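A.B. asks: here's my sequence, what's the structure:
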Amino acid sequence: LSSEALGHPASESKMAVYLQLVRNALSVFRHNGGIIGSMWTVLRTGDLREGTLVGMDQFGNKYYENKKYFYARHRWVEYSEKQRSFWEPDGSQVPPEWHRWLHCIGEHPPTEVPLTNPKFKQEHRINFSGTKNQYVPYTTTRPKIESWQPPKNTPS
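C.D. replies: Model prediction:
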């Protein structure tokens, strides 16, 4: 049914749509810390979103959910500013239990249903590649080509 059939003029329904758009935009700006905070969020992530805070991990990352968004985009993480790099967030900064929830492997976040810790579980660390703390393997095999060593002259 059109808005005229319901007794409302067409301009009134368009105005309601525009008003709702403005309300949504203001809500998103408010959620992201005002205009300045929204500008920093766009610079850092390229996206402005609004959602409910689901939880926070031991590194200070905040996890959000908004079921109004598409299925693969309805959960996201805002990385902590005290992590390795403010401008280059890395996927390795997300612990396994939150990775499980972000990628919809489990429906419930670890704040509601904590995972069991197996004996072999290690403490989560971020990827340090490209830093002075990076892992550098060393060789345990002999080289296939050995360099020539000149003979030592012995005095006679």
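
A.B. asks: can I take it that residue 15 is in a helix?
C.D. replies: Yes - the assignment for residue 15 by DSSP: H, G, I helix; E, B strand; the rest coil puts it in a helix.

A.B. asks: for it, the count of nearby residues, please.
C.D. replies: A count of neighbours around residue 15, defined by other Cβ atoms under 10 Å, yields 11. For glycine as for every other residue, the C-beta is placed from the backbone atoms N, C-alpha and C.

A.B. asks: now it: how far from residue 25?
C.D. replies: 16 Å (Cβ to Cβ, to the nearest Å).

A.B. asks: over to residue 34?
C.D. replies: Residue 34 is 13 Å from residue 25, by Cβ to Cβ.

A.B. asks: those two: which has the busier surroundings?
C.D. replies: Neighbour count, other Cβ under 10 Å: between residue 34 and residue 25, residue 25 has more, with 13 against 10.

A.B. asks: quick one: contacts for the closest residue to residue 68 other than its chain neighbours?
C.D. replies: Spatial nearest neighbour of residue 68, excluding adjacent residues (Cβ to Cβ, 6 or more residues apart in numbering): residue 74 at 7.6 Å. Residues near residue 74 by Cβ atoms under 8 Å, 6 or more residues apart in numbering: 51, 65-68.

A.B. asks: mind running it again at 7 Å?
C.D. replies: Taking Cβ atoms under 7 Å, 6 or more residues apart in numbering, we find residue 74 in contact with 65-67.

A.B. asks: and those, which are buried?
C.D. replies: residue 65 (16 or more other Cβ atoms under 10 Å).

A.B. asks: ok, so of the contacts of residue 74, who is nearest residue 93?
C.D. replies: residue 65 (18.6 Å; Cβ to Cβ).

A.B. asks: quick check: bridge partners of the spatially most central residue of the chain?
C.D. replies: The residue lying closest to the centre of the chain (Cα atoms, centre = their mean) is residue 77, at 4.0 Å. In this entry, residue 77 is beta-bridged to residue 63, by DSSP bridges.

A.B. asks: same list (the contacts of residue 74) but as a markdown table, adding distance to residue 115 and secondary structure.
C.D. replies: Below are the contacts of residue 74 laid out as a markdown table (distance: Cβ to Cβ, whole Å; DSSP: H, G, I helix; E, B strand; the rest coil):
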| residue | distance to residue 115 | secondary structure |
| --- | --- | --- |
| 65 | 18 | strand |
| 66 | 24 | coil |
| 67 | 23 | coil |
